[in-house]
Structures are given as C-alpha cells and as structure tokens.
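>>> fold the following and give me the result.
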Amino acid sequence: IGILILDTSYPCIPGNVGNASTFDFPVRYEKVEGASIDRLLNRQDATLATPFTGAARNLQRAGVKAITGACGFMALFQQEVAASVDIPVFLSSLLQISFIYKITGKKVGIITANASCLTEKHFENAGVPSECPIAIAGMENQPEFKSAILEEKGTLDTLKIENEVVGVAQQLKQNHPDIGSILLECSDLPPYAAAVQSTVNLPVFDFITMINFIHSTLVRMPFKGFM
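Sure, this is the predicted structure:
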C-alpha cells in the first residue's frame, strides 16, 4: 500500500496512518511537497492537484498495488489522483460513508479534525449521496489536538487527545442519539478508536478499517482447514 502524506511535522503514534508499525504489511510513504495543513484544510488550494498526482505516480512507479492518503480532506483530489494512475486509489476515509450507511441503515456520526473546513465538495468527491444522513463533530476546539496536530507544536500528549476525542464522541451521540456508527475522518484519530468504541458502543470506522479492507483484496491467501 502506498500512502500519500502531508508536508507536516508532528508525532505519529502507533495507530496513526503515518506510523508504519500500525500495519501488519509493508507500506510506502510519499510526501506531497507543499501540501500543508493550511493549504489543504483551510485554503483548500486547488493547485495542490499537481503535486498530489505527481506523488501518486511516484508511488505507482515504486511498485505499490494501491494508493491511500493520510488525511480525510484529501477527498478533494480523489478524482484527479485516481485518473493519474492505473491502480486503485482511496485517498479519504470519507469514502466509507455510503457503505457504512448501507450496512447500518442509520445516520453516520463523523468526527473530523476541523468541522468548519469539511464541505459538500469533500462529500461529493467521496461519492456520498446528498440524502445520506450524517452528523458532524469537530476537534478544532480541543486544546491538545489543536496545538499538537492543527498547529504542529512538535509534541503530543496522547492521553489528553484520547480524552478529548472520547468527549467529542460522547457529545456527538448525546446530540444525535439516532446515529448508528462513528467514522473518524482524521488519520490521527485511529489510535483512539478502541476508547471511542468502548464509550459509545457503536461500530467505529477510520482510515485503518479502510486500508486493511483494501489490502485484503489485493493480497488474497489460500484458505487452510479441515472438513
């Protein structure tokens, strides 16, 4: 699996898409030069399509079997990147929303890095029908997450972020008791998926559920057993 990562600098703990030890299989990273958090999330800079497609082609030449991303907001460039290479591309965790809704039949709760930056364009590019019911909660006002991830202070207190994510999940479920699942949009949030699930008692999806699923389709193994 090839992984496009942003041009950022902050700690990536196990469970984060940016930490290779998260996976039980080889991954290859490719930085998208100039793709800062500000340009992707805040400015939604369309000119980033060029470095994104270039980085994807580098990964294909390196021999990866499929390409994913390390930020749900990369949905902005799903179509351009997919058209630039000849292997599967699944840049955003948001691509799972339609599937999640189909299997649960209930509103999908989304916890995102920054709710104010998540637009209809992201959902449209991820193939989410307009009638799909969703509820969104953001991490942008959580002090440790904001300073460690969005502002890249250089350090990260994982226990503080876990408490913040769990608190946001609890509030999301309280505000929307009809949700049937949680999707963690941000690639920095999977380390806290277990804590979120133990709190809200719902299926929890994230980048890792998506990447593991796609990998399983690319590396099929023969079954062994008895009858």
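>>> skipping adjacent residues, who's closest to residue 79 in space?
Once flanking residues are discounted, residue 79 sits nearest to residue 125: 6.1 Å by C-beta to C-beta, 6 or more residues apart in numbering. Where C-beta positions appear, they are placed from N, C-alpha and C, glycine not excepted.
>>> number of residues surrounding residue 159?
Neighbour count for residue 159, taken as other C-beta atoms under 10 Å: 9.
>>> now swap in residue 171 and tell me
Here the count is done by other C-beta under 10 Å, and residue 171 has 11 residues near it.
>>> surely it is in contact with residue 136?
No: with contact defined as C-beta atoms under 8 Å, residue 171 does not count as touching residue 136 (11.9 Å).
>>> which strand or helix spans residue 11?
Secondary structure assignment for residue 11, by DSSP states H and E: no helix or strand.
>>> SS state for the nearest residue to it once chain neighbours are set aside?
Excluding the flanking residues, the one nearest residue 11 by C-beta to C-beta, 6+ apart is residue 156, at 4.5 Å. The assignment at residue 156 comes out as coil when based on DSSP: H, G, I helix; E, B strand; the rest coil.
>>> do you know how far residue 156 is from residue 227?
50 Å (C-beta to C-beta, to the nearest Å).
>>> and what of residue 14?
Distance of residue 14 to residue 227, computed by C-beta to C-beta: 38 Å.
>>> per-residue pLDDT of the residue nearest to residue 11, please?
With respect to pLDDT, residue 156 scores 94.
>>> with residue 201 instead?
Predicted confidence (pLDDT) for residue 201: 97.
>>> and it, how many residues sit next to it?
Neighbours around residue 201, by other C-beta under 10 Å: 9.
>>> just read off the phi/psi values of it.
Dihedral angles of residue 201 (phi, psi; degrees, to the nearest 10) stand at phi 60, psi 50.
>>> tell me where this structure has helices.
Taking DSSP state H to define them, one finds helices in the chain at 37, 49-62, 78-84, 97-104, 120-125, 143-145, 158-175, 193-200, 207-218.
>>> turn those into JSON lines, including distance to residue 71.
Below are those laid out as JSON lines (distance: least, C-beta to C-beta, whole Å):
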{"stretch": "helix 37", "distance to residue 71": "8"}
{"stretch": "helix 49-62", "distance to residue 71": "11"}
{"stretch": "helix 78-84", "distance to residue 71": "12"}
{"stretch": "helix 97-104", "distance to residue 71": "16"}
{"stretch": "helix 120-125", "distance to residue 71": "11"}
{"stretch": "helix 143-145", "distance to residue 71": "14"}
{"stretch": "helix 158-175", "distance to residue 71": "16"}
{"stretch": "helix 193-200", "distance to residue 71": "17"}
{"stretch": "helix 207-218", "distance to residue 71": "9"}
